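J.: sequence and predicted structure below; questions after.
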Amino acid sequence: MITRFAPAPTGFLHIGHVVNAIHVWNAARARGGRVLLRIEDHDRQRSRREFEEAILEDLAWLGFAADEPLVRQSDRRAIYEDALSRLREAGLVYACECSRRDIDGPAYPGTCAHKGLADAPGRSLRVRLPPTVERFVDLRLGPQEQRPFEQCGDLVLRDRDGNWTYQFAAVVDDFVQGVTLVVRGEDLLDSTGRQIQLARMLGRRDPPGFLHHGLVMKTPTQKLSKSDGDTGIRELRAKGWTANDVLSHAARLATARA
């Protein structure tokens, strides 16, 4: 069993990350599995090395140790290019000139699907999703049924700025790294069906298992973000919290949202 902890270095670690880490490491230890550490720095404009260094330092301070050397998405361009080539060869990829302002609603309507646009700077690349139903069982939430084509339309693989997207890079990495269990917050539940479909297109016959845990909320309707200084690990350390204080607090939050 292999799972992963995959923070994005677009901000400092906060208590919600620690809750996720507790779920990830507990799931691995309970199943005799391994934890991989992946830095998801696919967004080149927002990712910062100083954030990565701080995240790694905080994880070490808290005692979270991965079982393999870390990998960075910024080092894996050749892997993503190879995956993209396979989708191209299958006739599933097309260039898109639409901006977010051009799209009315949550699902992309396929405006550029048949335009035959060239892959050029300033254009994104999308993959055609089948209009099928995806069913899976979440290890916490039970049986799920999703229709990705209706939820989001054709997925962006590479954005207008040339960045690999989260949906694409995470699916490729989980496949290549042999991840068998994805443990993450329930705010990403809606991404699951589309990620299973994309993995299948890339040749993954058996998708990983999924466990979506409850979120730590700032308010009843607002989840924590990287900008929440009152829950940032750096800020808590500066206030005199010990690693055990942080872990105990996060564990209580994790149990309350189980």
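T.: Arrived safely, thanks for sending.

J.: for Leu17, give its distance to Val171.
T.: One correction, residue 17 is His, not Leu. 21 Å (CB to CB, to the nearest Å). Yep, even glycine has a C-beta here, placed from its N, CA and C like the rest.

J.: err, Lys115, not the other one
T.: 25 Å.

J.: ditto for Val246
T.: Computed as CB to CB, the Val246 to Val171 distance reads 31 Å.

J.: ditto for Val24
T.: Taken as CB to CB, the span from Val24 to Val171 is 18 Å.

J.: cool, and Cys98?
T.: Counting by CB to CB, the gap between Cys98 and Val171 amounts to 22 Å.

J.: ok, the two, which is more surrounded?
T.: Per other CB atoms under 10 Å, whichever of Cys98 and Val171 has more neighbours is Val171, with 28 against 17.

J.: need the next SSE after whatever helix or strand Ala21 lives in, C-terminal direction.
T.: Element membership for Ala21 (DSSP states H and E) is helix 15-30. Later in the chain than helix 15-30, the nearest helix or strand by DSSP H and E is strand 34-39.

J.: helices and strands around that following strand, which ones?
T.: strand 2-5, helix 15-30, helix 49-62, strand 71-72 (3 or more CB pairs under 8 Å, 6 or more residues apart in numbering; DSSP states H and E).

J.: do that again at 7 Å, thanks
T.: Here strand 34-39 touches strand 2-5, helix 15-30, going by 3 or more CB pairs under 7 Å, 6 or more residues apart in numbering; DSSP states H and E.

J.: could those go into CSV alongside mean pLDDT?
T.: Formatted as CSV, the helices and strands packed on strand 34-39 follow (pLDDT from 0 to 100):
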stretch, mean pLDDT
strand 2-5, 98
helix 15-30, 97
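
J.: now do the buried residues in stretch 19-31.
T.: Across stretch 19-31, burial judged by 16 or more other CB atoms under 10 Å covers Val19, Asn20, Ala21, Ile22, His23, Val24, Trp25, Ala27, Ala28.

J.: before we move on, what about stretch 158-169?
T.: For stretch 158-169, using 16+ other CB under 10 Å, the buried residues are Arg158, Asp159, Arg160, Asn163, Trp164, Thr165, Tyr166, Gln167, Phe168, Ala169.

J.: quick check: the fourth one vs Gly203, distance?
T.: Look at Asn163 and Gly203: by CB to CB, they are 24 Å apart.

J.: again, but for the second one
T.: Computed as CB to CB, the Asp159 to Gly203 distance reads 24 Å.

J.: now swap in Ala243 and tell me
T.: Counting by CB to CB - Ala243 and Gly203 are separated by 42 Å.

J.: so for those two, which sits in the more crowded spot?
T.: Ranked by neighbour count (other CB under 10 Å), Ala243 and Gly203 place Ala243 first, with 15 against 9.

J.: what's near enough to touch that one?
T.: The contact partners of Ala243, taken as CB atoms under 7 Å, 6 or more residues apart in numbering, are Trp61, Leu62, Gly63.

J.: and the second one, how far is that from Arg31?
T.: Going from Leu62 to Arg31 by CB to CB gives 21 Å.

J.: what do you get for the last one?
T.: Distance, Gly63 to Arg31, by CB to CB: 20 Å.

J.: hang on, Ala21 packs against Ala65?
T.: No - counting by CB atoms under 7 Å, Ala21 does not reach Ala65; the two are 10.9 Å apart.

J.: in stretch 79-88, which residues are buried?
T.: Quick answer for stretch 79-88 (16+ other CB under 10 Å): Ile79, Tyr80, Ala83, Leu84, Leu87.

J.: just the strands in this protein please.
T.: With DSSP state E as the criterion, the chain has strands at 2-5, 34-39, 71-72, 93-96, 124-127, 134-138, 142-146, 155-158, 181-185, 209-213, 217-219, 222-223.
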